[in-house]
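>>> Next come a sequence and a model predicted from it.
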Amino acid sequence: MGSMAPNRLVREPLQKGNSIDHLEYVDVTPIIGREYPTAKLKEMLTAANSDEQLRDLAITICERGVVFFRAPQDDLTVDEQKHITDLLGKLSGRPEENGLHVHPLYNDPNNLPMADGTTDKNMMARYVINSEAQKKLYATMKNRPGAGMEPRDLGREWHSDSLFENCPSDFSFLRMQDTPPAGGDTLWASGYEIFDRCSPPMQKFLESLTAECAQPVFKSACEAGKYDVMSPRGSPLNKEYEFAPHHPVVRTHPVTGWKSLFAGVGLHVSKIDGLYAYEDRWSGTM
């Protein structure tokens with residue numbers, strides 16, 4: 001769980017060492033993504049220089065945007081997965097008072113258990129992804145104005161994780177337990193590259209903007225299900241029904257020092273602050 005940073009760099013970027021240079025890898029594209037076909041996270045966790053390896057892994061993730069481990073990781077327990085995720089944040093400079101995020105709707109009875117039949121407040125909803133469970137969890141979304149009258153806008157599915165929180169997550173760790181024979185893919189885009197492809201005047205304009213990232217569905221879901229929202233959620237800044245923060249559209253990544261489109265478009269962005277309605281609609285197509 002990371003803290004918000006302004007558009008200026010507030011600390012020196014972290015420099016990656018060579019502790020994981022021995023691992024075989026392939027870059028998915030020149031811009032984003034790295035695959036480790038044989039690396040085992042369990043071995044990284046138990047290595048004599050584990051902290052050094054995980055710190056270099058954290059920096060690699062921040063530089064490449066997303067990292068995939070293709071070899072089976074069945075020997076990695078849920079607690080170890082959580083521990084690794086926690087260390088990725090700690091070793092890359094996360095504020096000491098912050099911990100693993102807790103999903104707001106953990107108390108919902110429609111949440112699916114993990115493969116072993118248990119539930120975990122840090123491993124659900126966003127992580128246990130199931131289309132039928134999602135329909136039940138977010139059933140109140142069908143009551144929003146105009147719902148069901150428009151074709152599904154897949155462009156709205158793009159998002160930066162947990163923008164609805166005052167303090168969004170820094171790392172997410174997706175564990176694939178059960179996958180369909182086809183489909184179910186997740187696409188990734190580089191916020192760095194989006195920003196870099198904008199002209200200098202457009203970059204300057206985007207850096208001047210903030211966006212409201214409201215998610216009222218969490219409150220309506222809790223009210224409909226008659227259960228309490230989880231609070232706090234990883235950071236002490238994430239509490240109660242505070243689901244309408246204003247984040248900068250462009251952020252300087254605190255680990256890499258690179259500027260990235262952060263809260264410009266997608267699922268969790270409700271509007272760009274200060275723009276006229278027609279300008280806001282245009283900005284959502286960028």
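Ah, there it is. Numbers count the residues shown, from 1 in each chain.
>>> use CA for all of it now, contacts and neighbours both
Noted.
>>> quick one: the strands in the chain?
26-27, 34-36, 67-69, 210-212, 246-248, 250-252, 259-261, 271-272 (DSSP state E).
>>> Go ahead and measure how far the second one is from the middle of the chain.
If you compare the mean C-alpha spot of strand 34-36 with that of the full chain, they lie 19 Å apart, counting by Cα atoms, centre = their mean, to the nearest Å.
>>> Please point out which parts of it sit buried.
For strand 34-36, burial by neighbour count (16 or more other Cα atoms under 10 Å) applies to Arg34, Glu35, Tyr36.
>>> Check the burial of the residue nearest to Ala244 when sequence neighbours are not counted by counting its neighbours.
Nearest residue to Ala244, sequence neighbours excluded (Cα to Cα, 6 or more residues apart in numbering): Ala214, at 3.8 Å. Look at Ala214: counted by other Cα atoms under 10 Å, it has 20 neighbours.
>>> Tell me, what's the model's pLDDT at the residue nearest to Pro248 when sequence neighbours are not counted?
Nearest non-adjacent residue to Pro248, counting by Cα to Cα, 6+ apart: Thr210, 4.2 Å away. On the pLDDT scale, Thr210 is placed at 97.
>>> so who does the one residue sitting closest to the centre of the chain touch?
The chain has Asp161 as the residue nearest its centroid, 2.7 Å off, counting by Cα atoms, centre = their mean. By Cα atoms under 8 Å, 6 or more residues apart in numbering, Asp161 lies in contact with Pro168, Ser169, Ser172.
>>> What is the burial count for the residue lying closest to the last one once chain neighbours are set aside?
Spelled out, it's Ser172. Nearest in space to Ser172, with sequence neighbours left out and distances taken as Cα to Cα, 6+ apart, is Thr85 at 7.3 Å. Counted with other Cα under 10 Å, residues neighbouring Thr85 total 20.
>>> Show the pLDDT at Thr85.
96.
>>> for Leu41, same thing?
If you check Leu41, the pLDDT there is 98.
>>> Can you get me a residue count around it?
19.
>>> ok, it touching Leu76?
Yes - at 7.3 Å, Leu41 counts as touching Leu76 under the criterion of Cα atoms under 8 Å.
>>> any idea how far the residue nearest to Leu76 when sequence neighbours are not counted is from Asn107?
In space, and not counting its chain neighbours, Leu76 is closest to Lys42: 5.8 Å by Cα to Cα, 6+ apart. Counting by Cα to Cα, to the nearest Å, the gap between Lys42 and Asn107 amounts to 30 Å.
>>> Then Glu96?
To Asn107, Glu96 is 26 Å away according to Cα to Cα.
>>> which of these two has more neighbours?
Taking other Cα under 10 Å, Glu96 and Asn107 do not tie; Asn107 has more neighbours (16 against 11).
>>> And for stretch 14-22, what's in contact with it?
Stretch 14-22 is contacted from outside by Asn49, Glu52, Gln53, Arg55, Asp56, Leu57, Ile59, Thr60, Ser92, Val255, Thr256, using Cα under 8 Å, 6+ apart.
>>> For the fourth one, which residues are in contact?
The one in question is Arg55. Counting by Cα under 8 Å, 6+ apart, Arg55 touches Lys16, Leu87, Leu88, Leu91, Ser92.
>>> mind listing which of these are in helices?
Secondary structure from DSSP state H places Leu87, Leu88, Leu91 of the contacts of Arg55 in helices.
>>> which of the contacts of Asp161 lies closest to Val249?
Pro168 (13.7 Å; Cα to Cα).
>>> What residue, apart from its backbone neighbours, is nearest the closest one spatially?
Distances taken as Cα to Cα, 6+ apart place Ser162 nearest to Pro168, at 5.1 Å, with adjacent residues excluded.
>>> so how far is Ala71 from the one you found?
Plainly put, Ser162 is 28 Å away from Ala71 if you go by Cα to Cα.
>>> So the two - more neighbours on which side?
Remark: of Ser162 and Ala71, Ser162 carries more neighbours, 21 against 13, as counted by other Cα under 10 Å.
>>> Ramachandran angles for Ala182?
Main-chain dihedrals, Ala182, degrees, to the nearest 10: phi -150, psi 150.
>>> how many neighbours does it have?
Using other Cα under 10 Å, Ala182 is surrounded by 6 other residues.
>>> distance of it from Pro37?
Ala182 is 21 Å from Pro37, by Cα to Cα.
>>> And His268, by the same measure?
For His268, the distance to Pro37 - Cα to Cα - is 33 Å.
>>> Quick check: pLDDT value at Asn122.
Model confidence at Asn122 (pLDDT) stands at 85.
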